[in-house]
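Engineer: Predicted model, plus sequence, below.
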Amino acid sequence: MRRVILAIAGTAVVLVLLLSFKSHTRTPALVPAALAPATGTATAPASGSSATPTTGATGGGSTGGGTSAGARTVTGDAVQTIYGPVQVKITVADGKVTAAAAIEYPDGTPRDYQINSFAIPQLQQETIGVSTPNIDAVSGATYTSQGYIGSLQSALDKAGL
């Protein structure tokens, strides 16, 4: 009887260990074009880190290179979500957002990458042409949407809109 109990317990332990095994995560070689910064520079993120731009101006109200006269590039504050920070950079001209890029967002796991490769382009599209942070959130990416909208609010505040 004792051997049967030990065999069942051993089988249960092995089964739990086997089911909890996680293979390595897939790290994308490059950020997809839809997620690249507004400057058009694609960067290769390190494992577990977010994409960051290599060119362009940051800070409140600084003029970005290569933009039309009167256009300003502004970077919002990074907003912390439970999955990681989200930060937005916008270009403003004539009181409207003319370009938007999420320069930092969660992408450390395959699920983060899957969600944000779908959500970030939609959020960026919603941002173009607005002067308020009242944009639609993306279903299934609630935390990313909340972080994006918070960072967008910060960028719009810095731009004086």
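Structural biologist: Looks like it came in fine.

Engineer: how far out from the middle of the chain is stretch 12-22?
Structural biologist: Distance, stretch centre to chain centre, for stretch 12-22: 32 Å (CA atoms, centre = their mean, to the nearest Å).

Engineer: I'd like the average pLDDT over it.
Structural biologist: The pLDDT scores in stretch 12-22 average 84.

Engineer: just stretch 139-152 next, same as before
Structural biologist: Computed over stretch 139-152, the average pLDDT equals 90.

Engineer: pull the CA atoms of it into PDB?
Structural biologist: Output of stretch 139-152 as PDB, limited to C-alpha atoms (Å, rounded to 0.1, in the frame of the first residue of the first chain):
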ATOM      1  CA  SER A 139     -10.400  46.000 -26.500                       C
ATOM      2  CA  GLY A 140      -8.100  43.400 -25.100                       C
ATOM      3  CA  ALA A 141      -5.400  45.900 -24.400                       C
ATOM      4  CA  THR A 142      -7.000  47.800 -21.500                       C
ATOM      5  CA  TYR A 143      -3.800  48.400 -19.500                       C
ATOM      6  CA  THR A 144      -1.700  49.400 -22.500                       C
ATOM      7  CA  SER A 145      -4.600  51.800 -23.600                       C
ATOM      8  CA  GLN A 146      -4.800  53.400 -20.200                       C
ATOM      9  CA  GLY A 147      -1.000  53.900 -20.100                       C
ATOM     10  CA  TYR A 148      -1.000  55.300 -23.600                       C
ATOM     11  CA  ILE A 149      -3.800  57.700 -22.900                       C
ATOM     12  CA  GLY A 150      -2.000  58.800 -19.700                       C
ATOM     13  CA  SER A 151       1.200  59.400 -21.500                       C
ATOM     14  CA  LEU A 152      -0.600  61.200 -24.300                       C
END
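
Engineer: Give me the contacts around stretch 114-124.
Structural biologist: By CB atoms under 8 Å, 6 or more residues apart in numbering, the surrounding residues in contact with stretch 114-124 are 32, 34-35, 100-102, 105-107, 135, 138, 140-141, 144-145, 148. No exception for glycine: its C-beta is placed from N, CA and C like everyone else's.

Engineer: Now do the buried residues in it.
Structural biologist: Neighbour counts over stretch 114-124 (16 or more other CB atoms under 10 Å) mark I115, N116, S117, A119, I120, P121, Q122, L123, Q124 as buried.

Engineer: Just put these in TSV and tack on pLDDT and secondary structure.
Structural biologist: Compiled in TSV, the buried residues of stretch 114-124 are given as follows (pLDDT from 0 to 100; DSSP: H, G, I helix; E, B strand; the rest coil):
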residue	pLDDT	secondary structure
I115	89	helix
N116	88	helix
S117	88	helix
A119	90	helix
I120	90	helix
P121	91	helix
Q122	90	helix
L123	89	helix
Q124	88	helix
